[in-house]
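*Asks:* Take this sequence and fold it.
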Amino acid sequence: MNKLNIDFVEEDGKLIIIVRGDIDAYHSAEFKKAVREKVEVFSGSKVVLDLSNVSYIDSAGLGSLVAMLKDARNSGKIFLLASLKPNVRRIFEMTRLDKVFRIVDTPEEA
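*Replies:* You can find the predicted model right below:
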């Protein structure tokens, strides 16, 4: 079980959330709570989740991301995913969540 690390970087009116580790049932609740608290106080309009260091996500993790997307939309923010590894992108494609989330190649593109 990998430890989950989350870093928050604000630049160019974007909140970039850099996630390292697995987004799974063990970590998804604390992950969602940490991101939710930061997004609530962020005054900009774009929230970018950098998943370049995430090699595994399970259904609980996907559920957390969907909840975050909903929260962001409800507060008028744009929520994007960036830098998905091929195996993580495949999970989004298989679950059709690639049609729900805006996915970009790099955080800079957001």
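*Asks:* Please name the bridge partners of the nearest residue to residue 42 once chain neighbours are set aside.
*Replies:* Closest residue to residue 42 apart from its sequence neighbours, by CB to CB, 6 or more residues apart in numbering: residue 15 at 4.6 Å. C-beta: built from backbone N, CA, C; applies to glycine. The partner list for residue 15 in beta bridges (DSSP bridges) reads residue 10, residue 47.
*Asks:* Could you give the number of residues near residue 15?
*Replies:* 23 (other CB atoms under 10 Å).
*Asks:* who are the neighbours in contact with it?
*Replies:* Residue 15 sits next to 8-9, 38-39, 42, 44, 46-48 when contact means CB atoms under 8 Å, 6 or more residues apart in numbering.
*Asks:* Residue 5 versus that one, what's the distance?
*Replies:* Residue 15 is 16 Å from residue 5, where distance means CB to CB, to the nearest Å.
*Asks:* tell me, what residue is most central in this protein?
*Replies:* Closest residue to the average C-alpha location of the chain: residue 49 at 3.7 Å, with CA atoms, centre = their mean.
*Asks:* so can I have JSON lines of the contacts of residue 15 showing neighbour count, pLDDT and distance to residue 79?
*Replies:* Formatted as JSON lines, those follow (neighbours: other CB atoms under 10 Å; pLDDT from 0 to 100; distance: CB to CB, whole Å):
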{"residue": "8", "neighbour count": "14", "pLDDT": "98", "distance to residue 79": "14"}
{"residue": "9", "neighbour count": "12", "pLDDT": "97", "distance to residue 79": "16"}
{"residue": "38", "neighbour count": "15", "pLDDT": "95", "distance to residue 79": "13"}
{"residue": "39", "neighbour count": "19", "pLDDT": "94", "distance to residue 79": "8"}
{"residue": "42", "neighbour count": "19", "pLDDT": "95", "distance to residue 79": "11"}
{"residue": "44", "neighbour count": "14", "pLDDT": "95", "distance to residue 79": "12"}
{"residue": "46", "neighbour count": "17", "pLDDT": "97", "distance to residue 79": "8"}
{"residue": "47", "neighbour count": "24", "pLDDT": "97", "distance to residue 79": "5"}
{"residue": "48", "neighbour count": "25", "pLDDT": "98", "distance to residue 79": "8"}
